[in-house]
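> here is a sequence together with a model predicted from it:
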Amino acid sequence: MSWTREDLQELVKSKLAGRLFIVVSNREPYVHVSSGDEIQCVVPASGLTVALDPMMRACGGVWVAHGSGNADREMVDEKNRVLVPPDERSYSLRRIWLTAEEEEGYYLGFSNEALWPLCHVAYTPPSFDEADWNTYKRVNQLFADAVLDEVGDKQAFVFIQDYHLALLSRLIKAKNPEVVTAQFWHIPWPNSEVFRICPWGEELLDGLLGNDLLGFHIGYHCDNFLETVSRTLESKIDYERSVVSRGGGATLVRPFPISVDFDRIAQDAAGRGVTEEMERIRRKWGLNDEYIGVGVDRVDYTKGIPHRFWALDKFLAKYPEYQGRVVFFQLAEPSRTHIRKYMELNLEIDDLIEEVNWRYQSGRWKPIIYIKEHLSPIAVAAFHRLAHFCVVSSLHDGMNLVAKEFVSSRVDEDGVLMLSRFTGAARELTDALLLNPYAIDRFADTIKEAIEMPKRQRQAMMRKLRQNVQQNNIYQWAGSIISELSGLGL
Ligand code: F6P
């Protein structure tokens with residue numbers, strides 16, 4: 001039996017016992033943008049928001065996040081709130097406004113030029129800037145003020161997301177110690193040797209230990225965190241129970257592998273909208289009986305995007321019989337484009353695609369089709385369904401939900417998932433073709449293996465993958481966190 005939205009609703013009713021439920025994240029689940037005279041509501045390309053939206057639809061409550069859309073201010077009431085999702089209006093989104101300078105120091109600067117590369121260890125060095133750190137602290141305080149305002153004199157459970165808000169629980173509890181907080185860290189946690197170069201490591205750890213519960217995707221990240229704490233701070237660690245005690249408070253540290261809304265994705269993928277879109281794509285790109293590969297990523301140096309093109313290049317050189325017979329669609333969502341490393345990566349990818357296509361193209365055929373724009377969930381599902389194989393080649397990833405979305409959308413129980421060993425998802429999705437993105441020759445052979453895999457084998461693997469994601473879905477994830485919290489005497 002897999003968890004459903006109704007199961008989660010029941011659990012919330014019984015365990016949260018009337019507490020106000022507040023989610024806090026940097027990224028908002030719905031962004032209002034104006035195009036011409038119209039205002040559109042866009043779902044951003046973010047694993048975090050895609051995963052948490054179904055939970056909020058089920059639980060209701062308030063989601064506090066940065067209002068980043070150019071029409072966001074036009075849609076809120078005097079308390080900066082708007083009801084979302086537009087088709088259901090089941091929870092409140094409270095928007096926080098940041099100046100360009102705040103966004104630069106807190107989001108682009110400390111979060112994404114320091115913490116992101118520090119935690120991913122993808123061989124892009126972090127840079128630490130004191131002014132960014134000060135802005136990060138100031139913006140965490142802005143979030144804390146908004147949360148405290150929402151809480152008022154109610155009893156509340158605050159569920160904080162990710163590395164942008166490491167100081168938040170302490171700041172909230174300094175004003176209101178009654179609030180129960182849990183935080184989920186959506187990216188990897190590195191070992192202590194790596195973490196120790198951060199000049200403000202102690203403050204970050206102390207901030208995170210303000211939480212009653214701290215979650216990571218996998219046990220390995222929890223172990224790294226506990227080891228980092230033991231080498232950095234004065235505290236007592238109970239390794240049996242995985243609890244850190246410090247300054248009168250205690251934090252339970254546990255793995256909770258995040259997931260997706262399997263049933264909803266599967267239902268949408270089987271719908272008419274997706275089948276029509278598949279037809280449209282076939283016509284637009286003149287597809288006949290080619291083998292289709294797909295990659296769906298934010299353009300980020302942790303995703304190993306160049307590595308998959310190097311592997312494709314090697315594959316076409318090594319197995320020339322496949323020239324003209326394989327088309328790889330790379331769907332790319334521009335991301336953090338004001339950061340220099342990301343600008344460089346964009347140029348590198350453009351050049352590489354040009355080079356590989358130039359080497360092999362003949363007539364109307366070219367091996368890589370690059371679609372660099374925001375696509376609707378229907379369009380992404382259509383590409384997933386058309387694909388003979390999907391490539392996830394992250395150099396390091398906390399979880400990677402694209403892998404789980406691909407599996408959920410394969411209602412036909414076909415298609416091969418090629419998955420980097422260095423994703424959290426690889427620990428669960430062991431029926432994928434696992435690969436090391438740095439080992440280009442073997443990666444090229446894995447593409448061949450995926451293409452040549454007999455249908456029966458593909459289906460057997462996909463069936464097992466689907467059972468896994470269906471069982472360990474997003475409701476199960478949220479349910480385990482809430483049950484764990486209630487075990488703490490919430
Ligand atoms: O992996 C952490 C994460 O927050 C993901 O959940 C999400 O896909 C990505 O980063 C989004 O990044 P941003 O919010 O910077 O666009």
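Alright, I've got the coordinates. All values reported here derive from a predicted model rather than from experimental measurement.
> does the residue of the stretch 51-200 of the chain found nearest the ligand count as helix, strand or coil?
Using Cβ to the nearest ligand atom, the closest approach of the stretch 51-200 of the chain to the ligand is made by H186 at 4.0 Å. Heads up, the C-betas are built off the backbone N, CA and C, glycines and all. Following DSSP: H, G, I helix; E, B strand; the rest coil, H186 is assigned to coil.
> ok, for it, nearest residue in space, not its chain neighbours?
Take H186 and drop its neighbours on the chain: the residue closest to it by Cβ to Cβ, 6 or more residues apart in numbering is D162, 4.8 Å away.
> need the pLDDT of the residue lying closest to F443 once chain neighbours are set aside.
Closest residue to F443 apart from its sequence neighbours, by Cβ to Cβ, 6+ apart: A311 at 3.7 Å. The model reports A311 with a pLDDT of 99.
> just G489 next, same as before
66.
> quick one: end-to-end distance for stretch 238-252.
Terminal residues of stretch 238-252 lie 10 Å apart, using Cα to Cα, to the nearest Å.
> same question, stretch 413-430
End to end - Cα to Cα - stretch 413-430 spans 16 Å.
> coming back round to it: correct me, but the residue nearest to H186 touches V23?
No. Counting by Cβ atoms under 8 Å, D162 sits too far from V23 to count as a contact (11.1 Å).
> the two: which has the busier surroundings?
Neighbours per residue, other Cβ atoms under 10 Å: of D162 and V23, the larger number sits with V23, 24 against 19.
> how many neighbours does L395 have?
Neighbour tally, L395, other Cβ under 10 Å: 22.
> helix or strand: which one has the residue of the chain found nearest the ligand?
Per Cβ to the nearest ligand atom, L48 is where the chain lies closest to the ligand, at 3.1 Å. In this assignment (DSSP states H and E), L48 forms part of helix 47-59.
> following that helix, which helix or strand comes up?
That would be, after helix 47-59 and using DSSP H and E, strand 62-66.
> mean confidence (pLDDT) on that following strand, please.
98.
> now do the next helix or strand after that strand: which elements does it pack against?
Using DSSP H and E, the next helix or strand after strand 62-66 towards the C-terminus is helix 72-75. For helix 72-75, the packing partners by 3 or more Cβ pairs under 8 Å, 6 or more residues apart in numbering; DSSP states H and E come out as strand 31-35.
> buried stuff in the strand it packs on?
By neighbour count on 16 or more other Cβ atoms under 10 Å, the buried set for strand 31-35 is V31, H32.
> now stretch 59-70
In stretch 59-70, counting by 16+ other Cβ under 10 Å, buried: C59, G61, V62, W63, V64, A65, H66, G67, S68, G69.
> likewise for stretch 191-201?
Quick answer for stretch 191-201 (16+ other Cβ under 10 Å): N191, S192, V194, F195, C198, W200, G201.
> and the angle for the helix holding L48 with strand 62-66?
For helix 47-59 against strand 62-66, the angle by axes from the mean of the first three to the mean of the last three Cα atoms, to 10 degrees is 160 degrees.
> just the buried residues of stretch 413-422, please?
Neighbour counts using 16+ other Cβ under 10 Å place G415, V416, L417, M418, L419, S420, F422 of stretch 413-422 among the buried residues.
> now do the contacts for the nearest residue to N112 once chain neighbours are set aside.
Using Cβ to Cβ, 6+ apart and skipping residues adjacent in sequence, the residue nearest N112 is R336, 5.6 Å away. For R336, the contact set (Cβ atoms under 8 Å, 6 or more residues apart in numbering) comprises L108, N112, D300, Y342.
> could you measure from the residue nearest to H186 over to A65?
For D162, the distance to A65 equals 11 Å [Cβ to Cβ, to the nearest Å].
> mind putting the buried residues of stretch 59-70 in TSV, distance to L171 included?
Converted to TSV, the buried residues of stretch 59-70 look like this (distance: Cβ to Cβ, whole Å):
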residue	distance to L171
C59	24
G61	20
V62	17
W63	18
V64	13
A65	17
H66	16
G67	20
S68	22
G69	26
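> out of those residues, flag the one nearest to G271.
Distance to G271, by Cβ to Cβ, is smallest for C59 among these, at 25.7 Å.
> what does this protein put close to the ligand?
For the chain, the residues in contact with the ligand (Cβ under 6 Å from any ligand atom) are R27, S46, G47, L48, D162, H186, I187, S335, R336, G398.
> of these, which one scores lowest on pLDDT?
G47 (79).
> burial measure for that one, as a count.
G47 - counted by other Cβ under 10 Å - has 20 other residues nearby.
> doesn't E405 make contact with it?
No. The pair G47 / E405 is not scored as a contact, 9.0 Å apart, by Cβ under 8 Å.
> so L488 touches L252, yeah?
Yes. Taking contacts as Cβ under 8 Å, L488 lies within contact range of L252: 6.5 Å.
> ok, those two, which is more surrounded?
L252 (19 against 13).
> what helix or strand is F157 on?
Applying DSSP H and E, one finds F157 within strand 156-161.
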